[in-house]
Each structure stands twice: as structure tokens, then as C-alpha cells.
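Participant: Predicted coordinates and the sequence they were generated for:
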Amino acid sequence: MSKGVMLMSGGIDSPVALHYMLRQGHEMTCVHMDNRPFTDDSPLAKVVDHLEVLRARYHQKIPMYLLPHGPTQVQLMRETDRHVGCVLCRRFMWRSAERIAIREGATFLTTGESLGQVASQTLSNMRSATASVSLPIVRPLIGFDKHEIEAVAKAIGTYEISTRPGLCCQAVPSKPATRSNLVQILQEEQRIDVDQMLDDVLRHATVL
Amino acid sequence: MSTRCSTTYSDTPPSSDLPVTYYTLALCASKGAFEAVPRPKLAVDLGAAKARLTAAGIGVTDARVMLIAAMEREVTLSRDGRVLIKSRDAAEAERVFAELRRVVGLPDTAEKSSPAGEG
């Protein structure tokens, strides 16, 4: 089986997606983008607990990289058009995950995305976001609806963790773009030094 | 009472010539923080607010459309006056909110609007 990198958010979906990848026997490394101060400590605590549940279930170590994402968010909010902020944010997450994948010798990336669930998960936004990376992306939940995902989360013991009190991302604009244009996205990214920002993120990575 | 989660911000032009009433602090939908939303929206001068917070020795992250202040609990102040306090304790949130209003000069409940930099 292959080696992959999974983006973990602390929500309901990502541990379910990770469960399916582990069930297929893939060797997974996780990445959590630490969004503080635009959220609180709860997403990280949830991810730690999700991994504890799934490590016990699959008897795997499942290393997790913790990457600071707050400084990236600040720079995006200060320098770029906020209506496409969610897409730009996702592009940084994908790039960060890909850098970790290269470091770990992984050959694919994975998320818990399912189509149309939130603003960043429309087809055009997914395309704009993932155009930032070249590794293949596996989305085990892409055709699931919320009820199906929740049912699996309950069955594997991650639902209660995901639904503990927490704070939503405060960097989300009131009207995020649901149809992004890749040309516009690339223009927005010219306002910032993407490589330098990524280097900074990776330099401050910690492994839990 | 607002139950909307987080300080998602709006670019809608705010009004500052109407009486402002901050709603009672309420837990946001995901129960991770307390939130207060002014009606009508304010036009907070975040530059002036940042200066006042910094002068009071409070660390501030400036994200252009919002400030995040490292008070007793972390607080987000948005340009439209929305305040989010990262606490799940109502008394603590009230205390932090009162301190923020004092330092920044946000209007008290039902006071005439005079947010930072406008009064």
C-alpha cells in the first residue's frame, strides 16, 4: 500500500476520511494547520484526540505535523482580496501538505472534503485550490452526504470529539467566493511571497 | 440575540449615527466563544483601536479587517464592531468585554455611537 499525507481539521469529516485510508492499509502521516489566533485551542485538541482513537483502532503510529497557519492568514487578510480568502488559504494548506509529503516520501494527499458542503468545497474552488500542487489528491468522502459521514464518525468513535464546543475560523469572510477564477487567484498570489511564507511555515513545523 | 459563530466580517457600510445597543453577550453557535454584535453596525477605526490597546500594554495582531487582542482572554474586534471573546465562562467574558469597551472606547449598551477614533 501507499504512503499518503492527510489534512486534519478537527471537524467531523477528516477523521472519517483518515479511517477509510487506514482501513485500506495505507500508511498515513497527518498535517494540522494551526489556525490560531483565528480559532482557539479546540481544533488541535480534537485532532490529537481523533488520532488517539484511530491509532488505537489501527495499531499505527500515525505521525502528525503541526504547522502554524495564523501568520499566513494574517498576511492573506492584509495583502489579498478577502472574497477569495478561503481559496488562497486552501492553496497554502495543500502546498504545506505537499511539502510534508515530499519530506516523508509520500505519494498522495488526502482530505475529508465532500462536494458542495462549504464555500471552499465547490468544484471550481477545489480546482483553484488544488492547482497549487502536483501530487494526486484522494478524497474518500467526495460523494458522501453529511448524514452518511456522521454515521461513520459515530461508529468509529470520533463524532463526539468533533462536536465538542469549539470556535469556527474567524478569517472566513462574510461572502466567500463560491466560484473562483484561477487567473484571479494567481493574480492575488502575486501580491505575496508564497515561497517565503511556505518556508516560514515549514521552518516552524513540529511533529506530535 | 445573535447566535452566529465567529466574527466573520462584512464590507457593508456601517451606520454610526444611530443609537447602538450591544446585544447581550451570547455563546456562538459552536459554543466555543462569547460574541457581541452591535446594531446598527459600527465603523470602528481599527487603527485608533490598535493604538489604544497597544498603549494599554495589550498585544495586538492586526489583520486589517479585525484586531486580535491578547487580553485576559483573546478578543477579536472587527471593523463593524463585532466582538468575539474566546471564553466559555460568561462572567469572564463580561469582564473582558467591559475592559475592551473601556480601553478602546466602544459605546456602552444603548449609548450613542462613538467608537475609537470618532469621538
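Facilitator: Great, that's in hand.
Participant: CA only for contacts and neighbour counts going forward, please
Facilitator: Fine.
Participant: and the gap between A:Val201 and B:Gly59?
Facilitator: A:Val201 is 22 Å from B:Gly59, where distance means CA to CA, to the nearest Å.
Participant: out of the two, which sits in the more crowded spot?
Facilitator: When A:Val201 and B:Gly59 are compared for neighbours, A:Val201 comes out ahead with 20 against 16, by other CA atoms under 10 Å in any protein chain shown.
Participant: What lies in contact with the helix or strand where A:Glu160 lies?
Facilitator: Element membership for A:Glu160, per DSSP states H and E: helix A:159-162. Helix A:159-162 is contacted by residues A:Gly10, A:Gly11, A:Ile12, A:Lys46, A:Asp49, A:His50, A:Glu150, A:Ala153, A:Lys154 when judged by CA atoms under 8 Å, 6 or more residues apart in numbering or on different chains.
Participant: where does chain B have low pLDDT?
Facilitator: Within chain B, the segments meeting pLDDT under 70 span B:1-24, B:108-119.
Participant: Which neighbouring elements make contact with the lengthiest helix in it?
Facilitator: The longest helix of chain B (DSSP state H) is helix B:90-104. For helix B:90-104, the elements it packs on are helix B:46-55, strand B:83-85, judged by 3 or more CA pairs under 8 Å, 6 or more residues apart in numbering or on different chains; DSSP states H and E.
Participant: Out of the contacts of helix A:159-162, flag the one nearest to chain B.
Facilitator: A:Gly11 (11.6 Å; CA to the nearest CA).
Participant: Now for the closest one, how many residues are close by?
Facilitator: Using other CA under 10 Å, A:Gly11 is surrounded by 20 other residues.
Participant: what residues are up against it?
Facilitator: A:Pro43, A:Lys46, A:Ser162, A:Thr163.
Participant: Need the pLDDT of the last one.
Facilitator: Right, A:Thr163. With respect to pLDDT, A:Thr163 has a value of 95.
Participant: sorry, back to before: among the helices and strands packed on helix B:90-104, which is nearest chain A?
Facilitator: Among these, strand B:83-85 sits nearest to chain A (CA to the nearest CA), with 9.3 Å.
Participant: Show the average pLDDT along the longest helix seen in chain A.
Facilitator: Longest helix of chain A, by residue count under DSSP H: helix A:85-104. Across helix A:85-104, pLDDT averages out at 96.
Participant: packing partners for that helix?
Facilitator: strand A:3-7, strand A:27-34, helix A:70-79, strand A:108-110, helix A:123-130, helix A:182-189, helix A:194-203.
Participant: Can you say which of the ones you listed is nearest to chain B?
Facilitator: helix A:70-79 (5.1 Å).
Participant: what helices or strands is that closest one leaning on?
Facilitator: Counting by 3+ CA pairs under 8 Å, 6+ apart, the packing neighbours recorded for helix A:70-79 are helix A:85-104.
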